[in-house]
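J.: Compute the structure for the input listed below.
(chains A, B, C and D)
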Protein chains: 2
Amino acid sequence: MSSTQEQQDRRPDTRERLVRSTQELLWERGYVGTSPKAILERAEVGQGSMYHHFAGKSDLALAAIRRTAEGMRETAEQCLSGPGTAYDRVAAYLQRERRVLRGCPIGRMTQDRDVVKDPELRRPVDEMFRWLQSRITEVLAEGQRRGELAAGLDPAATAAAVAAVVQGGYVLARAADDTAPFDAAVQGLLTLLAAQATPGTTTANDR
Amino acid sequence: MSSTQEQQDRRPDTRERLVRSTQELLWERGYVGTSPKAILERAEVGQGSMYHHFAGKSDLALAAIRRTAEGMRETAEQCLSGPGTAYDRVAAYLQRERRVLRGCPIGRMTQDRDVVKDPELRRPVDEMFRWLQSRITEVLAEGQRRGELAAGLDPAATAAAVAAVVQGGYVLARAADDTAPFDAAVQGLLTLLAAQATPGTTTANDR
DNA sequence: GTCTATATCCAGATAGAC
DNA sequence: GTCTATCTGGATATAGAC
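T.: Got it, this is the predicted structure:
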(Lines give C-alpha, C1' and ligand atoms only; values in the text may rest on other atoms or scores of the structure.)
Protein backbone atom coordinates (compact mmCIF):
# COMPACT_ATOMS: atom_id res chain seq x y z
CA MET A 1 0.00 0.00 0.00
CA SER A 2 2.08 2.86 -1.21
CA SER A 3 -0.75 5.35 -1.34
CA THR A 4 -1.53 7.53 1.62
CA GLN A 5 -5.03 8.02 0.34
CA GLU A 6 -5.61 4.30 0.29
CA GLN A 7 -4.55 3.90 3.87
CA GLN A 8 -7.32 6.30 4.70
CA ASP A 9 -9.65 3.96 2.80
CA ARG A 10 -10.31 6.37 -0.04
CA ARG A 11 -10.01 6.01 -3.78
CA PRO A 12 -6.47 4.96 -4.67
CA ASP A 13 -4.53 7.74 -6.29
CA THR A 14 -4.15 8.08 -10.01
CA ARG A 15 -0.80 6.41 -10.28
CA GLU A 16 -1.97 3.44 -8.27
CA ARG A 17 -5.13 3.06 -10.31
CA LEU A 18 -3.08 3.02 -13.49
CA VAL A 19 -0.79 0.30 -12.21
CA ARG A 20 -3.66 -1.90 -11.11
CA SER A 21 -5.56 -1.50 -14.36
CA THR A 22 -2.44 -2.44 -16.23
CA GLN A 23 -1.94 -5.52 -14.07
CA GLU A 24 -5.45 -6.68 -14.88
CA LEU A 25 -5.18 -6.00 -18.57
CA LEU A 26 -1.79 -7.63 -18.95
CA TRP A 27 -3.23 -10.71 -17.31
CA GLU A 28 -6.30 -10.76 -19.53
CA ARG A 29 -4.85 -9.68 -22.84
CA GLY A 30 -1.07 -9.79 -22.63
CA TYR A 31 1.27 -6.97 -23.54
CA VAL A 32 0.59 -6.66 -27.26
CA GLY A 33 -3.13 -6.91 -26.62
CA THR A 34 -3.16 -4.11 -24.06
CA SER A 35 -3.53 -0.56 -25.32
CA PRO A 36 -2.86 2.62 -23.37
CA LYS A 37 -6.41 3.63 -24.14
CA ALA A 38 -7.85 0.50 -22.54
CA ILE A 39 -5.70 1.10 -19.48
CA LEU A 40 -6.80 4.64 -18.87
CA GLU A 41 -10.43 3.80 -19.51
CA ARG A 42 -10.35 1.04 -16.92
CA ALA A 43 -8.50 3.28 -14.49
CA GLU A 44 -11.00 6.07 -15.16
CA VAL A 45 -8.13 8.41 -15.70
CA GLY A 46 -7.43 10.89 -18.46
CA GLN A 47 -4.75 10.43 -21.07
CA GLY A 48 -2.78 13.40 -19.84
CA SER A 49 -2.49 11.89 -16.37
CA MET A 50 -1.16 8.68 -17.73
CA TYR A 51 1.64 10.29 -19.70
CA HIS A 52 2.39 12.52 -16.75
CA HIS A 53 3.02 9.59 -14.38
CA PHE A 54 4.56 7.18 -16.86
CA ALA A 55 6.78 7.56 -19.88
CA GLY A 56 4.58 5.25 -21.94
CA LYS A 57 3.17 1.80 -22.30
CA SER A 58 6.32 -0.13 -21.52
CA ASP A 59 7.10 1.97 -18.48
CA LEU A 60 3.64 1.31 -17.11
CA ALA A 61 3.93 -2.37 -17.92
CA LEU A 62 7.19 -2.55 -16.03
CA ALA A 63 5.56 -1.18 -12.88
CA ALA A 64 2.64 -3.56 -13.28
CA ILE A 65 4.76 -6.65 -13.88
CA ARG A 66 6.93 -5.87 -10.87
CA ARG A 67 3.88 -5.52 -8.71
CA THR A 68 2.33 -8.75 -9.92
CA ALA A 69 5.57 -10.69 -9.51
CA GLU A 70 5.88 -9.42 -5.96
CA GLY A 71 2.36 -10.61 -5.18
CA MET A 72 2.99 -14.04 -6.61
CA ARG A 73 6.14 -14.38 -4.62
CA GLU A 74 4.32 -13.63 -1.39
CA THR A 75 1.58 -16.12 -2.18
CA ALA A 76 4.05 -18.86 -3.02
CA GLU A 77 6.12 -18.14 0.06
CA GLN A 78 3.08 -18.60 2.26
CA CYS A 79 2.53 -22.10 0.90
CA LEU A 80 6.18 -23.10 0.91
CA SER A 81 6.90 -21.85 4.42
CA GLY A 82 3.78 -23.47 5.83
CA PRO A 83 3.60 -26.38 8.30
CA GLY A 84 4.29 -30.02 7.58
CA THR A 85 6.86 -32.01 5.71
CA ALA A 86 8.64 -30.92 2.54
CA TYR A 87 6.12 -32.95 0.58
CA ASP A 88 3.26 -31.22 2.35
CA ARG A 89 4.62 -27.78 1.58
CA VAL A 90 5.21 -28.53 -2.08
CA ALA A 91 1.74 -30.05 -2.23
CA ALA A 92 0.33 -26.92 -0.62
CA TYR A 93 1.97 -24.83 -3.33
CA LEU A 94 0.77 -27.07 -6.14
CA GLN A 95 -2.76 -27.36 -4.81
CA ARG A 96 -3.32 -23.84 -3.64
CA GLU A 97 -6.44 -22.20 -4.95
CA ARG A 98 -5.98 -20.77 -8.41
CA ARG A 99 -8.16 -19.35 -11.10
CA VAL A 100 -6.70 -21.86 -13.46
CA LEU A 101 -8.52 -20.84 -16.63
CA ARG A 102 -7.17 -17.32 -16.34
CA GLY A 103 -3.64 -18.62 -16.54
CA CYS A 104 -0.59 -17.33 -14.71
CA PRO A 105 -0.19 -13.56 -14.92
CA ILE A 106 3.57 -13.86 -14.86
CA GLY A 107 3.93 -16.98 -16.98
CA ARG A 108 1.81 -15.33 -19.62
CA MET A 109 4.39 -12.62 -20.08
CA THR A 110 6.87 -15.17 -21.41
CA GLN A 111 4.65 -15.67 -24.45
CA ASP A 112 4.83 -12.03 -25.32
CA ARG A 113 7.57 -11.18 -27.72
CA ASP A 114 7.86 -7.54 -26.73
CA VAL A 115 8.30 -8.53 -23.09
CA VAL A 116 10.86 -11.29 -23.57
CA LYS A 117 12.80 -9.20 -26.05
CA ASP A 118 13.12 -6.28 -23.65
CA PRO A 119 15.63 -7.08 -20.88
CA GLU A 120 14.00 -4.63 -18.50
CA LEU A 121 10.55 -6.12 -18.90
CA ARG A 122 11.81 -9.68 -18.79
CA ARG A 123 13.85 -9.19 -15.64
CA PRO A 124 11.06 -9.26 -13.04
CA VAL A 125 9.62 -12.33 -14.74
CA ASP A 126 12.98 -14.03 -14.75
CA GLU A 127 13.63 -13.14 -11.12
CA MET A 128 10.26 -14.43 -10.01
CA PHE A 129 10.74 -17.86 -11.58
CA ARG A 130 14.34 -18.02 -10.45
CA TRP A 131 13.31 -17.30 -6.89
CA LEU A 132 10.46 -19.81 -7.06
CA GLN A 133 12.64 -22.64 -8.25
CA SER A 134 15.36 -21.96 -5.72
CA ARG A 135 12.82 -21.72 -2.92
CA ILE A 136 11.29 -25.08 -3.85
CA THR A 137 14.79 -26.50 -4.14
CA GLU A 138 15.47 -25.38 -0.56
CA VAL A 139 12.30 -27.00 0.70
CA LEU A 140 13.13 -30.29 -0.99
CA ALA A 141 16.74 -30.25 0.16
CA GLU A 142 15.60 -29.59 3.70
CA GLY A 143 13.26 -32.56 3.40
CA GLN A 144 16.18 -34.71 2.41
CA ARG A 145 18.29 -33.56 5.34
CA ARG A 146 15.41 -34.39 7.65
CA GLY A 147 15.15 -37.84 6.14
CA GLU A 148 11.68 -37.22 4.75
CA LEU A 149 12.72 -37.60 1.13
CA ALA A 150 14.96 -40.11 -0.62
CA ALA A 151 18.61 -39.04 -0.78
CA GLY A 152 18.70 -39.88 -4.49
CA LEU A 153 16.28 -37.10 -5.37
CA ASP A 154 17.77 -34.11 -7.21
CA PRO A 155 16.23 -31.09 -5.47
CA ALA A 156 16.91 -28.56 -8.23
CA ALA A 157 15.65 -30.73 -11.08
CA THR A 158 12.60 -31.73 -9.09
CA ALA A 159 11.90 -28.10 -8.25
CA ALA A 160 12.04 -27.21 -11.94
CA ALA A 161 9.56 -30.00 -12.65
CA VAL A 162 7.23 -28.67 -9.96
CA ALA A 163 7.30 -25.15 -11.35
CA ALA A 164 6.90 -26.48 -14.89
CA VAL A 165 3.89 -28.61 -14.03
CA VAL A 166 2.06 -25.56 -12.75
CA GLN A 167 2.87 -23.45 -15.80
CA GLY A 168 2.14 -26.29 -18.19
CA GLY A 169 -1.02 -27.17 -16.33
CA TYR A 170 -2.34 -23.72 -17.11
CA VAL A 171 -1.62 -24.28 -20.79
CA LEU A 172 -3.38 -27.64 -20.91
CA ALA A 173 -6.36 -26.31 -18.99
CA ARG A 174 -6.79 -23.31 -21.22
CA ALA A 175 -6.54 -25.49 -24.31
CA ALA A 176 -9.31 -27.69 -22.96
CA ASP A 177 -11.28 -24.83 -21.45
CA ASP A 178 -11.44 -27.06 -18.40
CA THR A 179 -9.44 -27.14 -15.18
CA ALA A 180 -9.23 -30.95 -15.17
CA PRO A 181 -5.89 -31.28 -16.99
CA PHE A 182 -4.29 -28.90 -14.49
CA ASP A 183 -5.49 -30.97 -11.57
CA ALA A 184 -4.46 -34.19 -13.27
CA ALA A 185 -0.94 -32.94 -13.94
CA VAL A 186 -0.54 -31.79 -10.34
CA GLN A 187 -1.83 -35.10 -9.06
CA GLY A 188 0.43 -37.02 -11.40
CA LEU A 189 3.51 -35.21 -10.16
CA LEU A 190 2.52 -35.46 -6.51
CA THR A 191 2.01 -39.20 -6.79
CA LEU A 192 5.48 -39.57 -8.26
CA LEU A 193 6.92 -37.37 -5.55
CA ALA A 194 5.13 -39.26 -2.80
CA ALA A 195 7.00 -42.38 -3.88
CA GLN A 196 10.20 -40.59 -2.86
CA ALA A 197 8.96 -39.91 0.66
CA THR A 198 9.98 -41.97 3.61
CA PRO A 199 6.94 -43.93 4.84
CA GLY A 200 5.28 -42.24 7.75
CA THR A 201 6.52 -38.76 6.93
CA THR A 202 4.01 -37.92 4.23
CA THR A 203 0.41 -37.03 4.42
CA ALA A 204 -1.56 -39.74 2.65
CA ASN A 205 -2.05 -39.06 -1.01
CA ASP A 206 -5.76 -38.45 -1.49
CA ARG A 207 -6.25 -40.27 -4.74
CA MET B 1 1.94 -31.59 -49.79
CA SER B 2 -1.31 -30.35 -51.17
CA SER B 3 0.22 -28.29 -53.92
CA THR B 4 0.84 -29.80 -57.30
CA GLN B 5 3.40 -27.12 -58.02
CA GLU B 6 5.35 -28.08 -54.95
CA GLN B 7 5.52 -31.70 -55.96
CA GLN B 8 7.23 -30.49 -59.09
CA ASP B 9 9.69 -28.73 -56.82
CA ARG B 10 8.59 -25.22 -57.76
CA ARG B 11 7.49 -22.28 -55.70
CA PRO B 12 4.57 -23.29 -53.51
CA ASP B 13 1.33 -21.77 -54.67
CA THR B 14 -0.11 -18.65 -53.19
CA ARG B 15 -2.47 -20.31 -50.78
CA GLU B 16 0.27 -22.52 -49.45
CA ARG B 17 2.65 -19.61 -49.00
CA LEU B 18 0.03 -17.74 -47.04
CA VAL B 19 -0.56 -20.65 -44.69
CA ARG B 20 3.13 -21.14 -44.03
CA SER B 21 3.78 -17.47 -43.40
CA THR B 22 0.91 -17.44 -40.97
CA GLN B 23 2.26 -20.49 -39.17
CA GLU B 24 5.59 -18.76 -38.70
CA LEU B 25 4.11 -15.49 -37.57
CA LEU B 26 1.68 -17.07 -35.14
CA TRP B 27 4.61 -18.89 -33.60
CA GLU B 28 6.74 -15.77 -33.36
CA ARG B 29 4.15 -13.17 -32.43
CA GLY B 30 0.93 -14.92 -31.50
CA TYR B 31 -2.48 -14.16 -32.89
CA VAL B 32 -2.97 -10.59 -31.69
CA GLY B 33 0.56 -9.73 -32.68
CA THR B 34 0.15 -10.98 -36.22
CA SER B 35 -1.29 -8.60 -38.80
CA PRO B 36 -2.62 -9.49 -42.23
CA LYS B 37 -0.12 -7.07 -43.65
CA ALA B 38 2.82 -8.89 -42.06
CA ILE B 39 1.51 -12.18 -43.39
CA LEU B 40 1.25 -11.10 -46.98
CA GLU B 41 4.60 -9.36 -46.90
CA ARG B 42 6.28 -12.51 -45.66
CA ALA B 43 4.42 -14.60 -48.21
CA GLU B 44 5.34 -12.12 -50.91
CA VAL B 45 1.75 -12.03 -51.97
CA GLY B 46 -0.60 -9.15 -52.67
CA GLN B 47 -3.45 -8.16 -50.42
CA GLY B 48 -6.04 -9.07 -53.01
CA SER B 49 -4.78 -12.65 -53.19
CA MET B 50 -5.04 -13.06 -49.50
CA TYR B 51 -8.65 -12.00 -49.29
CA HIS B 52 -9.39 -14.11 -52.33
CA HIS B 53 -8.16 -17.32 -50.70
CA PHE B 54 -9.22 -16.61 -47.15
CA ALA B 55 -12.13 -14.81 -45.58
CA GLY B 56 -9.85 -12.88 -43.24
CA LYS B 57 -7.32 -13.11 -40.47
CA SER B 58 -9.10 -15.68 -38.35
CA ASP B 59 -9.81 -17.92 -41.33
CA LEU B 60 -6.17 -17.90 -42.25
CA ALA B 61 -5.16 -18.52 -38.66
CA LEU B 62 -7.47 -21.52 -38.52
CA ALA B 63 -5.75 -23.10 -41.50
CA ALA B 64 -2.33 -22.36 -40.03
CA ILE B 65 -3.14 -23.70 -36.57
CA ARG B 66 -4.57 -26.91 -38.03
CA ARG B 67 -1.47 -27.43 -40.09
CA THR B 68 0.86 -26.82 -37.16
CA ALA B 69 -1.13 -29.10 -34.86
CA GLU B 70 -0.98 -31.87 -37.44
CA GLY B 71 2.79 -31.51 -37.68
CA MET B 72 3.24 -31.64 -33.93
CA ARG B 73 1.11 -34.71 -33.74
CA GLU B 74 3.24 -36.52 -36.28
CA THR B 75 6.44 -35.56 -34.50
CA ALA B 76 5.12 -36.72 -31.15
CA GLU B 77 3.83 -39.96 -32.60
CA GLN B 78 7.25 -40.78 -33.98
CA CYS B 79 8.78 -40.54 -30.50
CA LEU B 80 5.97 -42.31 -28.71
CA SER B 81 5.75 -45.21 -31.14
CA GLY B 82 9.49 -45.73 -31.21
CA PRO B 83 11.43 -48.70 -29.87
CA GLY B 84 12.11 -49.57 -26.24
CA THR B 85 10.14 -49.61 -23.04
CA ALA B 86 7.34 -47.25 -22.11
CA TYR B 87 9.86 -45.22 -20.14
CA ASP B 88 12.14 -45.05 -23.15
CA ARG B 89 9.38 -43.80 -25.40
CA VAL B 90 8.22 -41.15 -22.98
CA ALA B 91 11.83 -40.12 -22.50
CA ALA B 92 12.23 -39.93 -26.26
CA TYR B 93 9.27 -37.58 -26.43
CA LEU B 94 10.50 -35.43 -23.55
CA GLN B 95 14.05 -35.25 -24.81
CA ARG B 96 13.46 -34.87 -28.50
CA GLU B 97 15.20 -31.97 -30.13
CA ARG B 98 13.32 -28.72 -29.67
CA ARG B 99 13.97 -25.09 -30.28
CA VAL B 100 13.08 -24.45 -26.68
CA LEU B 101 13.47 -20.68 -26.61
CA ARG B 102 10.94 -20.30 -29.40
CA GLY B 103 8.31 -21.97 -27.30
CA CYS B 104 5.60 -24.34 -28.43
CA PRO B 105 3.69 -23.09 -31.47
CA ILE B 106 0.51 -24.75 -30.27
CA GLY B 107 0.87 -24.08 -26.56
CA ARG B 108 1.40 -20.43 -27.34
CA MET B 109 -2.06 -20.19 -28.79
CA THR B 110 -3.57 -20.87 -25.38
CA GLN B 111 -2.21 -17.55 -24.18
CA ASP B 112 -4.06 -15.69 -26.85
CA ARG B 113 -7.43 -14.47 -25.80
CA ASP B 114 -8.87 -14.23 -29.29
CA VAL B 115 -7.92 -17.85 -29.95
CA VAL B 116 -9.19 -19.37 -26.72
CA LYS B 117 -12.38 -17.36 -26.90
CA ASP B 118 -13.21 -18.58 -30.40
CA PRO B 119 -14.38 -22.21 -30.34
CA GLU B 120 -13.29 -22.82 -33.90
CA LEU B 121 -9.76 -21.57 -33.32
CA ARG B 122 -9.43 -23.32 -29.99
CA ARG B 123 -10.60 -26.69 -31.29
CA PRO B 124 -7.44 -27.81 -33.11
CA VAL B 125 -5.39 -26.77 -30.09
CA ASP B 126 -7.69 -28.67 -27.76
CA GLU B 127 -7.66 -31.75 -29.97
CA MET B 128 -3.90 -31.78 -30.22
CA PHE B 129 -3.36 -31.72 -26.47
CA ARG B 130 -6.17 -34.19 -25.90
CA TRP B 131 -4.63 -36.60 -28.37
CA LEU B 132 -1.17 -36.13 -26.87
CA GLN B 133 -2.28 -36.90 -23.35
CA SER B 134 -4.29 -39.94 -24.37
CA ARG B 135 -1.42 -41.24 -26.47
CA ILE B 136 1.03 -40.92 -23.58
CA THR B 137 -1.57 -42.54 -21.33
CA GLU B 138 -1.70 -45.50 -23.70
CA VAL B 139 2.06 -45.86 -23.70
CA LEU B 140 2.21 -45.82 -19.91
CA ALA B 141 -0.70 -48.23 -19.53
CA GLU B 142 0.96 -50.59 -21.96
CA GLY B 143 4.14 -50.38 -19.90
CA GLN B 144 2.16 -51.37 -16.85
CA ARG B 145 0.60 -54.36 -18.62
CA ARG B 146 4.04 -55.47 -19.66
CA GLY B 147 5.25 -55.22 -16.11
CA GLU B 148 7.71 -52.43 -16.91
CA LEU B 149 6.03 -49.86 -14.69
CA ALA B 150 4.61 -50.08 -11.19
CA ALA B 151 0.94 -51.02 -11.10
CA GLY B 152 0.21 -48.16 -8.71
CA LEU B 153 1.02 -45.51 -11.32
CA ASP B 154 -1.96 -43.57 -12.67
CA PRO B 155 -1.35 -43.46 -16.43
CA ALA B 156 -3.67 -40.54 -17.19
CA ALA B 157 -2.43 -38.30 -14.38
CA THR B 158 1.17 -39.12 -15.18
CA ALA B 159 0.56 -38.37 -18.86
CA ALA B 160 -0.87 -34.98 -17.95
CA ALA B 161 2.24 -34.29 -15.88
CA VAL B 162 4.46 -35.24 -18.81
CA ALA B 163 2.63 -32.91 -21.19
CA ALA B 164 2.60 -30.15 -18.58
CA VAL B 165 6.32 -30.38 -17.90
CA VAL B 166 7.04 -29.77 -21.56
CA GLN B 167 4.70 -26.79 -21.81
CA GLY B 168 5.85 -25.37 -18.49
CA GLY B 169 9.47 -26.00 -19.39
CA TYR B 170 9.05 -23.68 -22.33
CA VAL B 171 7.69 -21.00 -20.04
CA LEU B 172 10.56 -21.28 -17.55
CA ALA B 173 13.14 -21.31 -20.32
CA ARG B 174 11.74 -18.24 -22.01
CA ALA B 175 11.59 -16.41 -18.71
CA ALA B 176 15.25 -17.17 -18.13
CA ASP B 177 16.22 -16.74 -21.79
CA ASP B 178 18.05 -20.02 -21.25
CA THR B 179 17.16 -23.60 -22.09
CA ALA B 180 18.52 -24.94 -18.78
CA PRO B 181 15.23 -24.84 -16.83
CA PHE B 182 13.51 -26.82 -19.57
CA ASP B 183 16.14 -29.53 -19.41
CA ALA B 184 16.09 -29.53 -15.62
CA ALA B 185 12.32 -29.95 -15.49
CA VAL B 186 12.44 -32.82 -17.97
CA GLN B 187 15.24 -34.48 -16.05
CA GLY B 188 13.39 -34.01 -12.78
CA LEU B 189 10.29 -35.70 -14.08
CA LEU B 190 12.19 -38.53 -15.74
CA THR B 191 14.05 -39.29 -12.55
CA LEU B 192 10.78 -39.54 -10.68
CA LEU B 193 9.32 -41.72 -13.40
CA ALA B 194 12.37 -44.00 -13.46
CA ALA B 195 11.68 -44.82 -9.84
CA GLN B 196 8.41 -46.40 -11.00
CA ALA B 197 10.13 -48.68 -13.46
CA THR B 198 10.81 -52.31 -12.77
CA PRO B 199 14.59 -52.80 -12.42
CA GLY B 200 16.13 -54.05 -15.61
CA THR B 201 13.42 -52.72 -17.91
CA THR B 202 14.59 -49.13 -18.07
CA THR B 203 17.45 -47.53 -19.83
CA ALA B 204 19.78 -46.09 -17.20
CA ASN B 205 19.04 -42.53 -16.29
CA ASP B 206 21.95 -40.46 -17.53
CA ARG B 207 22.29 -38.08 -14.67
C1' DG C 1 -1.50 17.20 -12.46
C1' DT C 2 -5.05 16.92 -15.66
C1' DC C 3 -7.46 18.17 -19.87
C1' DT C 4 -8.39 18.37 -24.97
C1' DA C 5 -6.59 18.64 -29.57
C1' DT C 6 -3.85 16.90 -32.91
C1' DA C 7 -0.67 13.81 -35.49
C1' DT C 8 1.18 9.58 -37.55
C1' DC C 9 0.93 5.14 -38.50
C1' DC C 10 -1.06 0.55 -38.66
C1' DA C 11 -5.00 -2.93 -38.42
C1' DG C 12 -8.30 -5.07 -40.93
C1' DA C 13 -11.19 -5.08 -44.48
C1' DT C 14 -14.02 -3.73 -48.92
C1' DA C 15 -14.44 -2.25 -53.92
C1' DG C 16 -13.79 -2.63 -58.27
C1' DA C 17 -10.41 -2.54 -62.16
C1' DC C 18 -7.51 -5.71 -64.79
C1' DG D 1 -6.73 -14.72 -59.25
C1' DT D 2 -4.29 -10.65 -58.46
C1' DC D 3 -3.79 -5.63 -58.23
C1' DT D 4 -4.43 -0.86 -56.38
C1' DA D 5 -7.36 2.43 -54.13
C1' DT D 6 -9.96 3.57 -50.40
C1' DC D 7 -12.21 3.42 -45.78
C1' DT D 8 -12.98 3.29 -40.68
C1' DG D 9 -11.11 2.92 -36.60
C1' DG D 10 -7.54 2.14 -33.10
C1' DA D 11 -2.60 2.39 -31.27
C1' DT D 12 0.60 5.39 -29.35
C1' DA D 13 2.24 9.48 -28.55
C1' DT D 14 3.07 14.84 -28.44
C1' DA D 15 1.52 19.78 -27.65
C1' DG D 16 -0.01 23.09 -25.19
C1' DA D 17 -3.98 25.13 -22.60
C1' DC D 18 -5.93 25.16 -17.93
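
J.: residues making contact with stretch A:98-105?
T.: For stretch A:98-105, contacts defined as CB atoms under 8 Å, 6 or more residues apart in numbering or on different chains pick out A:23, A:26-28, A:68, A:72, A:166-167, A:169-171, A:173-174, A:177, A:179, A:182, B:110-111, B:171. Where C-beta positions appear, they are placed from N, C-alpha and C, glycine not excepted.

J.: which of the residues you listed count as buried?
T.: Listed as buried from the contacts of stretch A:98-105 are A:23, A:26-27, A:68, A:72, A:166-167, A:169-171, A:173-174, A:179, A:182, B:110-111, B:171; burial here means 16 or more other CB atoms under 10 Å in any protein chain shown.

J.: Inside helices: which ones of the residues you listed?
T.: Among these, the ones falling in helices (DSSP state H) are A:23, A:26-27, A:68, A:72, A:166-167, A:169-171, A:173-174, A:182, B:171.

J.: Correct me if wrong: residue A:188 contacts residue B:154.
T.: Yes - using CB atoms under 8 Å, residue A:188 makes contact with residue B:154 at a distance of 6.5 Å.

J.: Not counting sequence-adjacent ones, nearest residue to the residue positioned nearest the centre of chain A?
T.: Of all residues in chain A, the one closest to the mean position by CA atoms, centre = their mean is residue A:72, 4.4 Å from it. Counting by CB to CB, 6 or more residues apart in numbering or on different chains, residue A:106 is the residue found nearest to residue A:72 once chain neighbours are left out, at 5.6 Å.

J.: Turn the ones in helices among the buried ones among the contacts of stretch A:98-105 into TSV, columns for distance to DNA strand C.
T.: Compiled in TSV, those are given as follows (distance: CB to the nearest atom of the strand, whole Å):
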residue	distance to DNA strand C
A:23	18
A:26	18
A:27	20
A:68	22
A:72	28
A:166	31
A:167	27
A:169	29
A:170	24
A:171	23
A:173	26
A:174	21
A:182	29
B:171	25
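
J.: Any figure for the gap between residue A:124 and chain B?
T.: 10 Å (CB to the nearest CB, to the nearest Å).

J.: quick one: what helix or strand has that residue in it?
T.: Using DSSP states H and E, residue A:124 sits in helix A:119-145.

J.: what about residue A:34, neighbour count?
T.: Neighbour count for residue A:34, taken as other CB atoms under 10 Å in any protein chain shown: 24.

J.: you'd agree it is up against residue A:27?
T.: No - counting by CB under 8 Å, residue A:34 stays clear of residue A:27, with 9.5 Å between them.

J.: State the helix or strand in which the residue in chain A sticking out farthest from the centre lies.
T.: Within chain A, the residue lying farthest from the chain centre (CA atoms, centre = their mean) is residue A:48, at 32.1 Å. Assigned by DSSP H and E, residue A:48 belongs to helix A:47-53.

J.: chain center to that helix: distance?
T.: Distance of helix A:47-53 from its chain centroid, counting by CA atoms, centre = their mean, to the nearest Å, is 29 Å.

J.: Show me which parts of that helix are buried, residue by residue.
T.: For helix A:47-53, a neighbour-count test (16+ other CB under 10 Å) marks A:50, A:53 as buried.

J.: That helix vs DNA strand D: in contact?
T.: Yes - against DNA strand D, helix A:47-53 shows contacts by CB under 7 Å from any atom of the strand at A:47, A:48, A:51.

J.: As TSV, these with pLDDT and distance to residue B:193 would be great.
T.: Shown next, in TSV, are those (pLDDT from 0 to 100; distance: CB to CB, whole Å):
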residue	pLDDT	distance to residue B:193
A:47	96	54
A:48	96	58
A:51	98	53
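
J.: which one among these gets closest to residue A:144?
T.: Using CB to CB, residue A:51 is the member of these that lies nearest residue A:144, at 53.0 Å.

J.: before we move on, the earlier item: who has more neighbours, residue A:188 and residue B:154?
T.: The residue with more neighbours, out of residue A:188 and residue B:154, is residue A:188; 30 against 19, by other CB under 10 Å.
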